[in-house]
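Peer 1: predicted coordinates and the sequence they were generated for:
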Amino acid sequence: MSAEAGSSVGHARPTCWAISGHIGLGPHPCRRGQCGIVSKGLGWGGSKGAFEGTGMKICYGCGQLLAEEVVLCPSCGSQVGKGRTHVDDYEIEEILHEGHASILCKARRAGDQQHFMIRLFTPQSGVDEAVASRLKRELEELRKLPAQYFVRHLDVKQSWDGKWYRLSEWIEAENWGDLLRSGALEDLKAVLDIFGQILLALEKLHEAGYLIPHLTLHDIMVMKKEKGGFHVKLDYKLSRFLNPKLDRPPPMLKHLLSCHPDIINGLPLDTRSDIWSLGKIFVEILAGEFEIHDLQGKVEQLLLPQSLRVLLRTMLADDPDLRPRSVTEIRRALLSLPEQEIRETQRRRFEMAAAAPLAPGKYRAKRPWAAAALTVLAVSVGILGYTLLMRRGQQGDVLERYANQYAGSIAFVLVDYGLKERGQTVYRNRSEGTAFLVDSAGHLLTSRHVACPWLEDPALQAMAEQLRERGGSPVLDYRMYLWFEGSRAFNRAAALLETREVADLYFLESAFRSEGTPSVRIEGVARKPTATRQLIFSPLRDDFAVLRVSPAPVKLRPLPLASETDARRIPRLSRVITLGFPLGSRTQAEQVNVSVTRGSVRRSFEDAIHIDAALYGGNSGGPVMDERGEVIGIASGVATDRVQGLLPAVMPLWNLAMVLPISKAAAFLEEIRSGKIKWNGAQDFLLEVRLRKIFEAARKGRWAEAVEVAENQKKESSEPALTLASAVMHWCSQDYERASKQLEQYISMDPEGTVAKFMSLVLDWLSSDISANPYRRELGSAGWGSPWEFFGYLTWVLEGAVGEETALHGWDTRAERSWILWLLGIMWEKKGELDRAEG
């Protein structure tokens, strides 16, 4: 069997990372960029295909990124031509998916606002004149189906250069993976409404005399309604396969073919075959899993109304005669589900999601041995069990006492953030999480992604990039609110209103706020590491931040930090608790009420601790405490697993929590207490514009003006790069004292700032002995495996370990040559060799 004739129409979120009109944000997720997608356009024909429109393109043969003017790939030697930006008079705006048999595009006619879906058939699809004629005849049949329930396929055409394509209506469909991850399908009533619409469409299909036994989630298009809820359409094809001789079904269809009992047993396919496929889809949606091998077993595991459970069992029966006779019968069964039973099930599902259930151990006797041996064993086990039970009870009491002792010092954090363009809000989102008080001065610790969610928001980052490339001036806009345990924070009545306004959903007057009093502000945010070793061995990427509230709460007890604890030495199965707000405001009444979750340490590393506690969105930033009553880490997230299929998804493993060890956050906090300046996480999307203003004056040699511009830009933005630029301008104006202070500030904000560390070393060399410089040893020991190896080489040049003549030839790039000439010029100037320095 072959790739599908067309198994998808417009998704609002493209599968490919390419953005219309801009260079791609990264390679295509399917084959490391070999699809050639970079911007508008798509490649054809082996290595000769490439994309054009941005000054960059990708070799279709090996995936190498190339400049537009390059015609011969240096990686694989293939000729690289220009790409396709149009199909006839349709301009390609987005590449949504690339498959073996076709490429899916969003397109529109020039000057026309109406969008269309174009499926371009590749040479591997086998589409020729005969296949195209068959597809056209099938489209005529499909036009008889009601447009309300089915995607409209408009025509099959051949482009002017001989490429076959199918033209369809454009639908802003939701991605199933995004729907599941967003929690939009946690509402059982919403899911049942989607089921009812699918059944209604399938009922219309059967009435028209058609079947769809190969039904998968990929054939079901879900669109959001403006006033809430979803609308469903089926993407139906008369011919499921373009070329039955080719065995290339996509993963989701391949899974269906491998488990459908009618297909496996070679039975005639009829409406009851459709019903089995539909039952499989229902279970996948309810379970949030795409490739379930034991469907009947999964039905028994799910928390469902009993009548729905029985219905699913019959739909998935291996014997077709045991399945419901029609989809109409199934639809009526769903409509007759008792409302009380649905509400009760939803309540229980909600409670299970918010709790951390412990699976009871099971004891199973194996063989009856001699009575005497059993008696001795029973007595021994009883004594041991009693001892362990007493010990565990004492430990449980300790953890319970800590939970109640420090609950009042746990804070709920809300961040309302977005983008503004010329004063108008163009993007808005909000994030919720946890923070905890750590001293009497009002400092709190939390996660970086809780304090600064915009740094982890790809949609915001992509929109800001697009606005910048269009000449816009996007500005970050955010407000933070914080409530401690017991504060009135949540307006439950607003849940009945269709509103997303923060002022309607929360009681802001009782909060610490970033604009007003009592106040909360971001004191410091850890920068994400960039060194290769840290990226490999630090999966949580130093995910912490420090907040400060004013006035500091005087009646709350700060949580003690186990700042000297080596995470690698934490014993396995050590009992811990985490405090926070699972699922955020969704599990709260009017007052902030802290949730406590128990767990045990499974394993620990230098920069991560794994615990078997169930954490959910809203727990992030909360403390993880051990049996000594000290915080050993910050709840950062959960482990994930990739679900394979036609729509690959990253699925969270809720019962394997990832905890960031407290040591780095504690050291960071101490630096803030000592007065060191840290970055506050306020991202400046106009940073490049500000730097250009500084360098414009510098290029003309007007150093005093450059210093003034740099200082003014620093007042308007907290970006660390502006501090480094200001330090360089002070250096060039020979204000070495000011330059040294600003270099130290930059290093405090960016500990990996090797350029600043080397400049600090050179300043000390110019003014005195460099032996006392705090960065000399670090720079001098940077070997070949270090990303800062070149600055280690420069340090050897400065100290005389590498001769000047050798250094003049010790560069590989123009940038390295510039650094070496700059350093030698300074050294010659200090020795009085001005002619050499100026030359």
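Peer 2: Yes, it's here.
Peer 1: what segments of the stretch 651-800 of the chain are helices?
Peer 2: 662-673, 687-699, 703-716, 720-732, 736-749, 754-767, 776-780, 789-799 (DSSP state H, counting those that start in this stretch).
Peer 1: low-confidence ranges, the stretch 351-500 of the chain, go.
Peer 2: The stretch 351-500 of the chain contains residues with pLDDT under 70 at 351-397, 494-498.
Peer 1: what's the closest of the helices of the stretch 651-800 of the chain to Asn593?
Peer 2: Each of these has some distance to Asn593 by CB to CB; the shortest is helix 662-673, at 24.7 Å. Backbone N, C-alpha and C define where each C-beta goes, glycine included.
Peer 1: would you map the helices across the stretch 51-200 of the chain?
Peer 2: Counting by DSSP H, counting those that start in this stretch, the stretch 51-200 of the chain forms helices over residues 129-142, 176-182, 188-207, given from the N-terminal end onward.
Peer 1: how about CSV for these, with distance to Thr795, mean pLDDT and mean neighbour count added?
Peer 2: Formatted as CSV, the entries for the helices of the stretch 51-200 of the chain read as follows, by distance: least, CB to CB, whole Å; pLDDT from 0 to 100; neighbours: other CB atoms under 10 Å:
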stretch, distance to Thr795, mean pLDDT, mean neighbour count
helix 129-142, 67, 84, 14
helix 176-182, 47, 82, 18
helix 188-207, 62, 90, 19
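Peer 1: to Gly780, which of these lies closest?
Peer 2: Going by CB to CB, the one of the helices of the stretch 51-200 of the chain nearest Gly780 is helix 176-182, 47.4 Å.
Peer 1: ok, now which ones touch Val502?
Peer 2: By CB atoms under 8 Å, 6 or more residues apart in numbering, the contact list for Val502 reads Leu414, Asp416, Arg430, Arg479, Tyr481, Leu508.
Peer 1: once you drop chain neighbours, what's closest to the last one?
Peer 2: What it means is Leu508. Distance criterion CB to CB, 6 or more residues apart in numbering; nearest residue to Leu508, sequence neighbours excluded, is Tyr481 at 6.0 Å.
Peer 1: and the one you found, helix, strand or coil?
Peer 2: For Tyr481, the assignment made with DSSP: H, G, I helix; E, B strand; the rest coil gives strand.
Peer 1: just checking, Leu322 touches Leu316?
Peer 2: No: under the contact definition of CB atoms under 8 Å, Leu322 does not touch Leu316, with a separation of 9.5 Å.
Peer 1: more neighbours: which of those two?
Peer 2: More crowded of Leu322 and Leu316, by other CB atoms under 10 Å: Leu316, with 22 against 12.
Peer 1: look up how far Ser326 lies from that one.
Peer 2: Taking CB to CB, to the nearest Å as the measure, Leu316 falls 16 Å from Ser326.
Peer 1: repeat for Glu838
Peer 2: Applying CB to CB, the value for Glu838 to Ser326 is 92 Å.
Peer 1: more neighbours, those two?
Peer 2: Neighbour count, other CB under 10 Å: between Glu838 and Ser326, Ser326 has more, with 17 against 9.
Peer 1: shouldn't that one be in contact with Leu205?
Peer 2: No: counting by CB under 8 Å, Leu205 is not a contact partner of Ser326; they are 11.8 Å apart.
Peer 1: ok, the contacts of Val502 vs Val594, which is closest?
Peer 2: For the contacts of Val502, the minimum distance to Val594 (CB to CB) is 15.3 Å, reached by Leu414.
Peer 1: the closest one in helix, strand or coil?
Peer 2: Under the three-state scheme (three-state DSSP), Leu414 adopts strand.
Peer 1: how about the contacts made by it?
Peer 2: Leu414 makes contact with Arg430, Ser431, Glu432, Met480, Tyr481, Leu482, Val502, Tyr506, Ala511, Ser585, according to CB under 8 Å, 6+ apart.
Peer 1: quick one: contacts for the residue lying closest to the last one once chain neighbours are set aside?
Peer 2: Going back to what we said before, that points to Ser585. With CB to CB, 6+ apart as the measure, Phe490 is the residue that lies nearest to Ser585, at 5.3 Å, once sequence neighbours are left out. Contacts here follow CB under 8 Å, 6+ apart; on that basis Phe490 touches Leu505, Tyr506, Phe507, Ser585, Gln588, Ala589, Glu590, Gln591, Val592.
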